[in-house]
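*Asks:* Please find the sequence and the predicted model below.
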Amino acid sequence: MRGIVWYRRDFRIADHPALSAACEGCSEVIPLFVFDEPLLHSHVFGSACVNFMLGCLQDLASSLADRGLSLQWRRGEPVEEVVRAAREWKVDAVYWNRDYEPRAIERDRTVAQRLAQAGVVVRTFKDHVVFEPDEVRGATGEPLQRYSAYRARWWTRWHAATPAVYPIPTTLAKKKAASVPISPPLPTAGELGYDPVASWIEPGERNALKRLRWFVQGPMHSYATNRNLPANDGCSQLSPHFRFGTLSPRKAIHAALNALAKGGRVSRPDVLTWVDELIWREFFQQVLASFPHVAKGPFRKVVIPPSRESGPERDGLFQAWCNGQTGYPIVDAGIRQLNQTGWMHNRVRMVVASFLIKDLRIDWQSGERYFMQHLTDADVAANNGNWQWCASTGTDAMRGYRIFNPALQSKKFDPDGTYIRRYVPELAHVSAKRIHEPHLMTADEQERARCQIGNDYPSPVVDHQHARQEYLNLGKQEVMR
C-alpha cells in the first residue's frame with residue numbers, strides 16, 4: 001500500500017500522528033508539501049514568516065533523507081496539486097493532520113471529496129492542538145466564550161485522558177522509497193516572491209527541541225515574573241515552532257509537567273503559568289473554528305469609540321507607529337524589534353496594540369494585518385484573538401476599556417531601559433530617569449545624552465493623557481446615542 005503524508009504546518013517527524021499512521025499502514029510513504037501559490041501571492045504573511053518556514057522545511061527534508069525518504073514538493077493550488085499527486089503516484093491513501101482556520105477547513109473538505117471520488121482513502125488526525133474545538137465544550141455542548149471556563153474544562157479533559165506523545169516511527173527508516181521523481185532543491189524565498197532574511201529564531205525541529213530543553217531546565221522556573229521583562233531572555237520564544245509544527249503542544253506540555261514530577265528546583269506556579277499560555281493558544285483556535293466571523297470582524301458587537309477617519313493625519317500617525325517613530329520609547333522599541341527580527345515580546349505586543357487602538361484611534365484590523373505581515377509566528381487565531389482582546393471586541397469579559405499607559409508600562413517592566421536602548425539606539429545615552437519619557441529632558445540633558453528631541457528622536461505624536469481622555473469621552477458619546 002502506498003500513501004502520501006501531506007505536510008502543512010507540522011514540519012517534524014517526532015510526535016506526528018499522520019506520519020505514524022502512514023508508517024503503520026503503508027509499505028511506501030511519500031512525504032509531500034505544497035507551496036500554496038494563491039496564499040503566497042496574497043502576501044498575508046511576510047518575509048520573516050516565509051523564510052522561517054523554508055528553514056523548517058529544509059530541516060524536515062534533512063531528517064527524512066537521513067531515513068531514506070525524499071520530501072516531495074509542488075507549487076500551485078493545494079487541492080489541485082494534492083489530487084494530481086495522488087493520481088500520478090497511484091497512491092491508495094492520503095494522510096494529514098487537521099487545521100482549524102476557516103480557509104483550511106474548506107480546503108480540506110474539498111480535497112477529501114475529490115480524493116474520495118478518485119477512490120483514494122483519506123485519513124486525518126488531531127495534531128495542531130491538544131484538544132480540538134469540539135472536545136472542550138460547555139455543559140450543553142456549546143463552544144466556550146470565556147477563557148476561564150475553557151481553561152477549567154481543558155484541565156478536566158487533560159486529567160481524564162492525558163494525550164500520549166508519539167515517538168518517531170520505528171519503521172520509518174525501513175519504508176521502501178517510492179518510485180517517484182526526486183524533487184529539486186526547495187525554492188528560495190526570492191523564488192517565492194519574498195525577500196531573503198535571516199531567521200532570528202533558529203528554524204527546524206532540532207532547534208525547537210533544543211530550545212524547549214533549555215527553557216524547561218531554566219527560565220521556565222521564573223517565568224511568571226520574567227515573561228513580563230522584555231530585556232530578559234525569559235520567554236520560551238517557541239511560538240514560531242508551534243506555528244509551523246516543528247514542536248507539538250503535547251510534547252511541550254508533557255515536558256513542562258514532567259519537570260514538576262522530577263522535583264528539585266522547580267516552581268509550580270511558573271510552570272503552570274507557561275502551560276496557561278499554551279491553553280490560551282488552543283482557546284483562540286477554538287474561537288476561530290467555532291466563530292469564523294472573527295477572521296473578518298469583531299467577535300462581539302460592542303459600543304467602542306470610532307476609529308480615526310482616513311486621511312493624511314491618520315496615515316501619518318499609522319506610518320509613525322509602523323516605523324517606530326511615535327516618541328514613546330517602549331512602543332518604538334517593540335515595533336523596531338518586530339521589523340528587525342520578526343518577533344516581539346508579548347508584554348510589549350499588548351502595549352504596542354493598545355497604543356495604536358486607544359491612543360492613536362486607528363482600527364485594530366490595521367494593526368492585525370501589520371503584525372501578520374511581519375511576525376515569524378504569524379498565526380491567524382492567536383493574532384486575531386490578541387488584537388481583539390486589546391480592542392475590547394473579543395472574548396474578554398472586562399467591562400469598559402483597557403488602556404495601557406506606555407510610560408508606566410515601560411517604567412514597570414523595563415525600569416533601566418535596557419530593552420529600549422537595544423532597539424532605539426538614539427536613546428543609548430539617555431539616563432534611566434528620562435529613558436521612558438525622553439521628551440521631558442531639559443536642553444542640558446539632551447546635550448549630555450547626545451539626543452535632541454524632535455531631531456534625533458521624535459517628540460510624542462500624541463499626548464497620552466489627552467488621547468486617553470478623548471477615547472473615553474468618545475466612548476461615552478457612543479453609548480449615549
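*Replies:* Structure's in. What do you need? Numbering: from 1, shown residues only.
*Asks:* Show me how far stretch 467-481 is from its chain's centre.
*Replies:* For stretch 467-481, the separation from the chain centroid amounts to 32 Å (computed by Cα atoms, centre = their mean, to the nearest Å).
*Asks:* now swap in stretch 353-367 and tell me
*Replies:* For stretch 353-367, the distance to the chain centre is 19 Å (Cα atoms, centre = their mean).
*Asks:* Report the mean confidence score over that stretch.
*Replies:* In this model, stretch 353-367 has a mean pLDDT of 97.
*Asks:* ok, now stretch 187-207?
*Replies:* Computed over stretch 187-207, the average pLDDT equals 96.
*Asks:* buried ones in that stretch?
*Replies:* 189, 192, 194, 197, 199, 201-205, 207 (16 or more other Cβ atoms under 10 Å). From N, CA and C alone the C-beta is placed, and that goes for glycine too.
*Asks:* go on, stretch 69-87?
*Replies:* 69-74, 78-79, 81-83, 85-86.
*Asks:* got the CA positions of stretch 288-306 in CSV?
*Replies:* Listed next in CSV are the C-alpha coordinates belonging to stretch 288-306 (Å, rounded to 0.1, in the frame of the first residue of the first chain):
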residue,chain,number,x,y,z
LEU,A,288,-11.7,30.9,15.3
ALA,A,289,-13.1,27.4,14.4
SER,A,290,-16.4,27.9,16.3
PHE,A,291,-16.9,31.6,15.3
PRO,A,292,-15.2,32.0,11.9
HIS,A,293,-16.6,35.5,11.5
VAL,A,294,-13.9,36.8,13.8
ALA,A,295,-11.4,36.4,10.9
LYS,A,296,-13.2,39.4,9.2
GLY,A,297,-14.7,41.4,12.1
PRO,A,298,-15.3,41.7,15.8
PHE,A,299,-16.1,38.7,17.9
ARG,A,300,-19.0,40.6,19.6
LYS,A,301,-20.9,43.7,18.8
VAL,A,302,-19.9,46.3,21.4
VAL,A,303,-20.0,50.0,21.5
ILE,A,304,-16.5,51.3,21.2
PRO,A,305,-15.1,54.8,20.2
PRO,A,306,-15.0,55.3,16.5
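*Asks:* residue ranges with poor pLDDT in the stretch 201-350 of the chain?
*Replies:* Filtered on pLDDT under 70, the stretch 201-350 of the chain yields the residue ranges 263-264.
*Asks:* Report the central residue of this structure.
*Replies:* residue 377 (3.7 Å; Cα atoms, centre = their mean).
*Asks:* residue boundaries of the strands in the stretch 301-450 of the chain?
*Replies:* Using DSSP state E, counting those that start in this stretch, no strands are found in the stretch 301-450 of the chain.
*Asks:* The residue nearest to the centre of the chain: what's it in contact with?
*Replies:* 49, 239-240, 242-243, 343 (Cβ atoms under 8 Å, 6 or more residues apart in numbering).
*Asks:* of the buried residues of stretch 187-207, closest to residue 250?
*Replies:* Closest approach to residue 250 among the buried residues of stretch 187-207 (Cβ to Cβ): residue 205, at 14.2 Å.
*Asks:* and the closest one, backbone torsions?
*Replies:* The phi and psi values for residue 205, taken as degrees, to the nearest 10, are phi -60, psi -40.
*Asks:* measure the nearest residue to residue 339 once chain neighbours are set aside to residue 360 for me?
*Replies:* For residue 339, ignoring the flanking residues on the chain, the nearest one in space by Cβ to Cβ, 6 or more residues apart in numbering is residue 374 at 6.4 Å. Residue 374 sits 18 Å away from residue 360, taking Cβ to Cβ, to the nearest Å as the criterion.
*Asks:* returning to that earlier point: which among the contacts of residue 377 gets closest to residue 94?
*Replies:* The closest of the contacts of residue 377, once distances to residue 94 are taken by Cβ to Cβ, is residue 243, at 23.3 Å.
*Asks:* wait, that closest one sits on residue 8?
*Replies:* No: using Cβ atoms under 8 Å as the test, residue 243 is too far from residue 8 to be in contact (11.7 Å).
*Asks:* Measure how buried the nearest residue to residue 348 once chain neighbours are set aside is and give me the count.
*Replies:* Leaving aside its sequence neighbours, residue 348 sits nearest to residue 334 (Cβ to Cβ, 6+ apart; 3.8 Å). Neighbours of residue 334 under the rule other Cβ atoms under 10 Å: 27.
*Asks:* From residue 10, how far out is residue 334?
*Replies:* 30 Å.
*Asks:* again, but for residue 61
*Replies:* From residue 61 across to residue 10, the span is 14 Å (Cβ to Cβ).
*Asks:* From the neighbour counts alone, determine which of those two ranks first.
*Replies:* It is residue 10, of residue 61 and residue 10, that has more neighbours when counted by other Cβ under 10 Å, with 26 against 21.
*Asks:* Could you tell me the phi and psi values at the closest residue to that one other than its chain neighbours?
*Replies:* The shortest distance from residue 10 to any non-neighbouring residue, by Cβ to Cβ, 6+ apart, is to residue 245 (3.5 Å). Per-residue torsions, residue 245: phi 70, psi 30 (degrees, to the nearest 10).
*Asks:* now swap in residue 328 and tell me
*Replies:* Here is the backbone geometry of residue 328 (degrees, to the nearest 10): phi -110, psi 100.
*Asks:* residues touching it, list them.
*Replies:* 355, 406-407, 460, 464.
*Asks:* what about 7 Å?
*Replies:* Taking Cβ atoms under 7 Å, 6 or more residues apart in numbering, we find residue 328 in contact with 355, 406, 460.
*Asks:* Just the buried residues of these.
*Replies:* Applying 16+ other Cβ under 10 Å to these flags 355, 406, 460 as buried.
*Asks:* Mind putting those into JSON lines with distance to residue 293?
*Replies:* Below are these laid out as JSON lines (distance: Cβ to Cβ, whole Å):
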{"residue": "355", "distance to residue 293": "27"}
{"residue": "406", "distance to residue 293": "31"}
{"residue": "460", "distance to residue 293": "36"}
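*Asks:* what's the distance between the residue nearest to residue 348 and residue 277?
*Replies:* Residue 334 is 18 Å from residue 277, by Cβ to Cβ.
*Asks:* Now the longest helix along the chain: buried residues?
*Replies:* With secondary structure taken from DSSP state H, the chain has its longest helix at helix 268-290. Residues 270-272, 274-276, 278-290 are the ones in helix 268-290 that count as buried (16+ other Cβ under 10 Å).
*Asks:* count of residues packed around the residue lying closest to residue 276 once chain neighbours are set aside?
*Replies:* In space, and not counting its chain neighbours, residue 276 is closest to residue 151: 6.9 Å by Cβ to Cβ, 6+ apart. For residue 151, the neighbour count with other Cβ under 10 Å is 18.
*Asks:* wait, residue 151 sits on residue 277?
*Replies:* No: contact criterion Cβ atoms under 7 Å: residue 151 and residue 277 do not qualify, at 11.1 Å.
*Asks:* that older thread, quick one: which of the buried residues of stretch 69-87 sit in helices?
*Replies:* Under the assignment DSSP H, these contribute 78-79, 81-83, 85-86 to helices.
*Asks:* just the helices in the stretch 51-200 of the chain please.
*Replies:* For the stretch 51-200 of the chain, the helices defined by DSSP state H, counting those that start in this stretch occupy 78-88, 102-117, 147-160.
*Asks:* following the lengthiest strand in the chain, which helix or strand comes up?
*Replies:* Longest strand in the chain by number of residues (criterion: DSSP state E): strand 28-36. Remark: after strand 28-36, the chain's next helix or strand is helix 37-42, criterion DSSP states H and E.
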